[in-house]
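> With the sequence up front, the predicted model follows.
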Amino acid sequence: MRIQRYIAKDMRSALGQVREAMGPEAVILSTGTIGDQVEVVAAIDVEVAREFAAPRGAAPLTQNETIEHMPLRRASSQLSEALVPKVTATPAAAPAAPAQAAQPAEHSELANEVKDMRRMLEAQLATLAWNDMSRRSPLQAAMLKELAQLGITQDLAGSLARKIPPNLNFSAARRFALATIARTVQVTGDRWLETGGRIAFAGPAGAGKTTLLAKLAARWVLRHGPRRVALVSADAVRIGAHEQMHMLGRLLGVTAHTVYDVAELPELLEALSGQQLVLIDTAGASPRDPDLARRLRLMNQANSRIETSLVIPASIQAGAIEEAMKLFAVAQPSSCVITKVDEAVSLGGVLSALVRHKLPAAYVSDGQRVPEDLQPARAHSLVGRAVEIASRNGATADDEVMQRRITGATDGR
């Protein structure tokens, strides 16, 4: 093992010296400062360097590339490319001789060592990147940490941080970022309860679709009376779903109808053409439901007659919200309803998904009371609620979390 210390005016120059002297297979052991200069201690295994040379054409750091903008997986990828070809059999390789029978185990051990070295290098580069950003752009680093505490995904947080004017203080920058999110989130207003429509609610199992339908129906009856409104249960999966819908219809004094398959909806909607508001409850779906794709395609084909609204529970993680958005995109939803806000530990995942997919929010449900716990979606209210929830739960984002986010690794927020 050869260990060498490098001193330069900044981190970019120091890493450039390491790369030039040791190549991309070097491992950063530590970093520090000496006065106004940066100190980097790097090491390289002489045997590994001799046997597995770095691939030709490895790009050095350019004059304009800083540690913040350098792809953090590049150095580790070059290290992996240098090692893996030596342990992977090529298609033209001759059959292994009996004396080489032990090679697969040796190759596997070496591959694991390469993976360990890669993870170590990625972690070290992430630390360098975050420390370098905190030193050169403290306002941007502070805003990234603030947005991470709200649960905003890394891609959206990075985009917002880059838009912040550099002459602002932290409080003004924070207001700027939150206002930008609020301006980006689209909402539909209270149009369903004002003008009616034919709305089919789709979403994951347990998202609160039936409770949402009950709240909307009760609101309509209180505002317009029981005339010209109909309820439809298209949920043939959940036990008792049809009976529950008919019970709700009797309580509200409105008509309730049942279909056993989404394919029956067009015919029923033709019969209900005189109704001003038709609310359709569909079966909750799992990503592994083999019949889900067919049902979503049928809903998409009926889009000329109905509007599909995606029901998203705020209580699930950001990754699950993103998965649901992609899964139900087949039905081409024109809006979404956010439910279970009262159970959420963060609204950052919901806000990030709304911005990324440009899907307008129609209503927000934050409790089980019918019809009280339902409000038309308001962008500024959603952002304010996100701040309130993060503050109440004591959400934090330490340096380790920020380093993981910079590498692009999923952090569960």
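Good, I have the coordinates.
> Let's see the distance spanning stretch 364-374 from one end to the other.
Its start and end residues considered, stretch 364-374 measures 6 Å (C-alpha to C-alpha, to the nearest Å).
> lowest-pLDDT helix or strand in the protein?
helix 74-87 (a mean of 43; mean pLDDT, DSSP states H and E).
> Surely K358 touches V185?
No - using C-beta atoms under 8 Å, K358 makes no contact with V185, being 9.6 Å away. From N, CA and C alone the C-beta is placed, and that goes for glycine too.
> Buried residues in stretch 309-322, which are they?
Residues 309-316, 318, 321-322 are the ones in stretch 309-322 that count as buried (16 or more other C-beta atoms under 10 Å).
> Then stretch 370-382?
Buried, per 16+ other C-beta under 10 Å, within stretch 370-382: 370, 373-374, 376-379, 382.
> got it, and stretch 162-174?
Buried residues in stretch 162-174, counted by 16+ other C-beta under 10 Å: 164, 173-174.
> Tell me the one among the residues you listed nearest to V114.
Comparing the buried residues of stretch 162-174 against V114 with C-beta to C-beta places I164 closest, at 39.6 Å.
> Make sure L144 is indeed in a helix.
Yes - L144: assigned to a helix according to DSSP: H, G, I helix; E, B strand; the rest coil.
> give me the number of residues near it?
Using other C-beta atoms under 10 Å, L144 has 25 other residues around it.
> quick one, strands of the stretch 201-350 of the chain?
Along the stretch 201-350 of the chain, counting by DSSP state E, counting those that start in this stretch, strands occupy 229-234, 255-258, 277-282, 307-313, 335-339.
> Quick one: residues in contact with the second one.
If I follow you right, that is strand 255-258. By C-beta atoms under 8 Å, 6 or more residues apart in numbering, the surrounding residues in contact with strand 255-258 are 229-233, 242, 245-246, 248-250, 268, 272.
> now do the third one
Outside of strand 277-282, the residues within contact range by C-beta under 8 Å, 6+ apart are 192-193, 196-202, 209-210, 213, 216-217, 220, 228-235, 241, 245, 262, 265, 269, 272, 295, 299, 306.
> hmm, which of those are the buried ones?
Among the contacts of strand 277-282, those classed as buried by 16+ other C-beta under 10 Å are 192-193, 196, 198-202, 209-210, 213, 216-217, 220, 229-235, 241, 245, 262, 265, 269, 272, 295, 299, 306.
> Could you list the low-pLDDT ranges of the stretch 101-250 of the chain?
Applying pLDDT under 70 to the stretch 101-250 of the chain flags the ranges 101-107, 119, 121-136.
> So for stretch 265-275, what gets flagged as buried?
For stretch 265-275, the neighbour count (16+ other C-beta under 10 Å) marks 265, 268-269, 272, 275 as buried.
> Can you show me the CA trace of it as CSV?
Extracted as CSV, the C-alpha positions of stretch 265-275 are listed here (Å, rounded to 0.1, in the frame of the first residue of the first chain):
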residue,chain,number,x,y,z
LEU,A,265,-69.5,1.3,-16.8
PRO,A,266,-70.2,2.9,-20.3
GLU,A,267,-73.7,1.2,-20.4
LEU,A,268,-74.6,2.3,-16.9
LEU,A,269,-73.3,5.9,-17.5
GLU,A,270,-75.6,6.0,-20.6
ALA,A,271,-78.6,5.2,-18.3
LEU,A,272,-77.4,7.9,-15.8
SER,A,273,-77.0,10.6,-18.4
GLY,A,274,-79.6,12.8,-16.6
GLN,A,275,-77.5,12.9,-13.4
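> That one - what's its average pLDDT?
If you average the pLDDT over stretch 265-275, you get 85.
> cool, and stretch 328-337?
Averaged over stretch 328-337, pLDDT sits at 87.
> residues in contact with it?
By C-beta under 8 Å, 6+ apart, the residues outside stretch 328-337 that reach it are 188, 201-203, 212, 285, 293, 296-297, 299-300, 303, 307-312, 354, 357, 359-365, 377.
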